[in-house]
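Chemist: predicted model follows, preceded by the sequence.
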Amino acid sequence: DKIGIIMRIDTPYSEVDEDSVVRALANLVDAELDWFEVYATRPGSTVLYFSIGDMPDDEADSGDSEVRKLTGAEKSLLLYQWWVMNDRRITSLDFEILDFKEYLRQETTTQTLDYTTVVVHLFAPNSGTPSVIIPPQPFIKSGGGQGQVAITLADAQMNRLSAATIELDLTVDAAFSLRPAVLSTLAAVLVMCLFALFGF
């Protein structure tokens, strides 16, 4: 079955030459212009709706390239793969492909006895992009004994840390005095961090 393609390019709709776009794509996949079927174009910059048909049997030749021998669906998938991989074949086009989506018709029972046709978006993400991306944290805080906080340096971050990236914020309650024991604990924490960083 044919794969439907929706491709958006950077050429303004008022300036686009549909035949030139199709010819450029046909050259990439060693196909003839009449194997492409363009259903519609619309602004935004320019969006093309098209599919690639199979090579007719009477046009096949023993000297055809491997790409030319591919079915229309395989050529469609190959174009998408090249676009995703930012292949030089795609980047050398006279226009930039801004978006590339592929769709396939599929028969399904949809929980009934009768077959119906649904359209499947190929390569669609299974889940949405997270709204917040939390970077890896270099320190893991864990509870120490009473009145203490133990700080463990994450091993995976060792190569990314330098002395300049360590910052300790200490807040002391107004009623709590800095006794010598507290000061020695703070000094010990700083020394442990330096040992972890520089491998003394």
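Modeler: Yep, it's here. Numbers count the residues shown, from 1 in each chain.
Chemist: ok, A73 - contacts?
Modeler: 1-3, 52 (CB atoms under 8 Å, 6 or more residues apart in numbering). Every residue, glycine included, has its C-beta placed from N, CA and C.
Chemist: same question, K69
Modeler: With contacts taken as CB under 8 Å, 6+ apart, K69 has the following neighbours: 55, 60.
Chemist: distance check, it against A60.
Modeler: Distance of K69 to A60, computed by CB to CB, to the nearest Å: 8 Å.
Chemist: where does the chain dip in pLDDT?
Modeler: 109-115, 125-200 (pLDDT under 70).
Chemist: all strands for it, in order.
Modeler: 3-9, 36-43, 46-52, 97-108, 116-122, 139-143, 149-153 (DSSP state E).
Chemist: list the contacts of the second one.
Modeler: Same thing as strand 36-43. The contact list for strand 36-43, computed with CB under 8 Å, 6+ apart, reads 13, 16, 18, 22, 25-26, 47-53.
Chemist: Serialize the residues you listed to CSV and add fields for distance to D94 and neighbour count.
Modeler: Shown next, in CSV, are the contacts of strand 36-43 (distance: CB to CB, whole Å; neighbours: other CB atoms under 10 Å):
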residue, distance to D94, neighbour count
Y13, 16, 13
V16, 11, 19
E18, 13, 13
V22, 13, 20
L25, 11, 23
A26, 14, 17
V47, 17, 17
L48, 15, 20
Y49, 20, 15
F50, 18, 20
S51, 22, 20
I52, 20, 26
G53, 24, 16
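Chemist: since that was my last question, I'll sign off now.
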